[in-house]
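# How does the following fold in three dimensions:
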Amino acid sequence: MSRPEDAQAVRRLTPRGAATRARIVAAALELMYVKGVNATTLDDVRAASNTSKSQLYNHFADKEQLVRAVVAARAAQVLERERGYLQRLKSFQGLVRWRNALVQRNALQNGAYGCGLGSMASELADQDEPARSTLAESFAEWEGLLAAGLRRMQDGGVLRRNADPERLATGLMAALQGGYLLAETAHDITPMEVALDMALDHVRSFLAS
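Just a heads-up that it's a prediction; the model follows:
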């Protein structure tokens, strides 16, 4: 999801330069998750990454470039995690385990900060088209992992033939992201649990007898 020219630039870096760039992105990723993209300044990132202004600008011409690198890094993190849960999904209990892992992870911070992707989408979707595009592709892949798992459930006779895996996956994703938002606002994980449980109840209604 990163642009080819960005990938080529990273490949041309020395090991030391690559380490510096990675340190900057890691610091920015954490700051932008906790403080928000718009509230995080380049000075904040320099301080958190212990880099000089020249080092930062050697890797990122402006905040826009850094934000896009952070979006790509966050998307890679989230999708790697979700593949671990969803690539072999083939049972309703597997969906429950996926739900539980997400809720438990978010409960560690009492629902604060929301989804790593969703929180950036709410800030960037109308501001930065390349970032919006990366986020949209990431959500589509995430939803696609759910749909593929639901299709495996259907092929294995777990879901009835009249179930629509793509629509069910969209419903699960919408419930998840809505749950993240409500939990973030309330600093309480309960709304996320309720939203996901209602979506899972809908999936359960399509289980084969």
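
# need the helix or strand of the chain with the lowest average pLDDT.
Lowest on mean pLDDT, DSSP states H and E among the helices and strands of the chain sits helix 4-11, with a mean of 46.

# after that one comes which helix or strand?
Downstream of helix 4-11, the first helix or strand assigned by DSSP states H and E is helix 15-34.

# Now residue 207. Its backbone dihedrals?
Taking degrees, to the nearest 10, you get phi -70, psi 140 for the backbone angles of residue 207.

# Check the gap between it and residue 168 for me.
11 Å (Cβ to Cβ, to the nearest Å). (C-beta placed from N, C-alpha, C; glycine too.)

# got it, and residue 203?
From residue 203 to residue 168 the distance is 6 Å (Cβ to Cβ).

# Overlap in contacts, these two.
Shared contacts of residue 203 and residue 168 (Cβ atoms under 8 Å, 6 or more residues apart in numbering): residue 150.

# so how far is the first residue of stretch 183-199 from its last?
Terminal residues of stretch 183-199 are spaced 16 Å apart (Cα to Cα, to the nearest Å).

# any low-confidence regions in this protein?
1-11 (pLDDT under 70).

# Between residue 207 and residue 168, which has more neighbouring residues?
residue 168 (23 against 12; other Cβ atoms under 10 Å).

# neighbours of the residue nearest to residue 144 when sequence neighbours are not counted, just the number please.
Distances taken as Cβ to Cβ, 6 or more residues apart in numbering place residue 169 nearest to residue 144, at 7.5 Å, with adjacent residues excluded. A count of nearby residues for residue 169, using other Cβ under 10 Å, gives 22.

# right, and residue 169 touches residue 142 too?
No. At 9.0 Å, residue 169 does not count as touching residue 142 under the criterion of Cβ atoms under 8 Å.

# quick one on the thing from earlier: OK, contacts around the residue nearest to residue 144?
143, 144, 146, 147, 150.

# Three-state assignment for it, please.
Three-state call for residue 169 (DSSP: H, G, I helix; E, B strand; the rest coil): helix.
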